[in-house]
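>>> Next one to model:
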Amino acid sequence: MAEADQQAPEGSTLPPPRWGEVSARITICRVASNDLSEAIQDYVKEIYKLGAAGERATTSAIARRMGVAPSSATSMLKKLAALGLAEHAPYRGAVLTDAGERIALEVIRHHRLLEQYLAETLGLGIDAVHAEADRLEHVLSDELERRIDEALGFPTHDPHGHPIPDADLQVAPSTLRSLTTLEPGEEATVRRVPDGDAEVLRYLAGLDLVPGGRVRMGRCEPFEGPVLVTVGEREHAISRELAGQIGVA
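Numbers count the residues shown, from 1 in each chain. Below you'll find the predicted structure:
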C-alpha cells in the first residue's frame, strides 16, 4: 500500500503526508517518464551548477545563465516551487529540494556521459561535445545511459574534467586547485576547464591548456592583470577570470 494511502492503527495517529513529500515523489516519477519539460530540467541543472560553484542562485544569476530576462526566471522559479523542486531562501537565492537536486544530477549525468561518449567514441573535440550533449541529454533513456556508461568503462569525468555523477547520482568531492593559486615556478597538470563556451575551449586547446596538459606558473600581474603561464616552451597571458576557472592538480 502506498504511503499516502496508509491508515493509522487504531488508537494512534498518522499525520497525512506533507505536500512537499508527495510533490517530490511525483516529480521523481515524472523525471523517469520524461514528463518534465526541457526548460524545467535546464533550470534545475543551472541552479545546481551555481551552487556547486559556490555562487548564489539569485534571479539575475539564473537569468544570465539561461539567457532570459529576470522576469522569465522569476516565473520559472515560481513553477519550480509549485512542483516541489526548489524554494527561495533569504540571502541564498533559489535552493533545490532533494527532488530537484536529483533531477539536476540526472540531467548532468546524461550530459557528461554523452560528452565523454562523443569525444572518446566519435572523436569530437572538447569544443564541440558540449553543444551536442545539450541537444541529447533530455532524450537519453535509462537503458541507453546504462549501456553508454558500461561501454566507456564507467568513466568518472567528462572530457573537460568535470565529475560525472555515478549511477546512484553521487558526485565525488573535488580536490583540485585553481590555476591562480599556483606559486611562481610551480608546475601542475590541468584537470578541468570551463565547458560552456566553444570559443573559449578552442582558445584553450590552441594553447594546449586542456586536461592532461602540463602548465608552469609564471606570475600574476598586479591590479587584476593577466596571469602568465608557460605550456611547453611557450608563455601565454590569459585573463585572471579564465585562469580561475581552470582546475589543476
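
>>> which residues touch G51?
Residues near G51 by Cβ atoms under 8 Å, 6 or more residues apart in numbering: 57, 95-96. Where C-beta positions appear, they are placed from N, C-alpha and C, glycine not excepted.

>>> which stretch of helix or strand covers it?
Assigned by DSSP states H and E, G51 falls within helix 38-52.

>>> returning to that earlier point: can you list the contacts of G51 in JSON lines and add pLDDT?
Output for those, formatted as JSON lines (pLDDT from 0 to 100):
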{"residue": "A57", "pLDDT": "95"}
{"residue": "V95", "pLDDT": "94"}
{"residue": "L96", "pLDDT": "96"}
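
>>> Let me know the distance separating the residue most central in space within the chain from V171.
Nearest to the geometric centre of the chain sits K49, at 4.4 Å (Cα atoms, centre = their mean). Separation of K49 from V171 (Cβ to Cβ, to the nearest Å): 12 Å.

>>> Would you tell me what the next helix or strand after the lengthiest helix in the chain is?
Of all the segments of type helix in the chain, defined by DSSP state H, the longest one is helix 98-120. Going down the chain from helix 98-120, the next helix or strand is helix 129-136, by DSSP H and E.

>>> Quick one: list the elements packing against that next one.
Judged by 3 or more Cβ pairs under 8 Å, 6 or more residues apart in numbering; DSSP states H and E, the packing partners of helix 129-136 are helix 98-120, helix 198-206.

>>> repeat that with 7 Å
With contacts defined as 3 or more Cβ pairs under 7 Å, 6 or more residues apart in numbering; DSSP states H and E, helix 129-136 has these neighbours: helix 98-120.

>>> how much does the helix it packs on deviate in direction from helix 129-136?
130 degrees (axes from the mean of the first three to the mean of the last three Cα atoms, to 10 degrees).

>>> who touches helix 98-120?
With contacts defined as Cβ atoms under 7 Å, 6 or more residues apart in numbering, helix 98-120 is touched by 24, 27-28, 31, 36, 41, 44-45, 47-48, 80, 84-86, 96, 124, 126, 129-130, 132-133, 136-137, 140, 145, 148-149, 152, 155, 158-159, 162, 164-165, 169.

>>> Would you map out the domains in the chain?
Domains of the chain are assigned by automatic domain parsing as 1-6+16-167, 177-248.

>>> Worst mean pLDDT among these?
Among those, domain 1-6+16-167 has the lowest mean pLDDT, at a mean of 86.

>>> So what's the gap between that domain and the chain middle?
Between the centre of domain 1-6+16-167 and the centre of its chain there are 8 Å (Cα atoms, centre = their mean, to the nearest Å).
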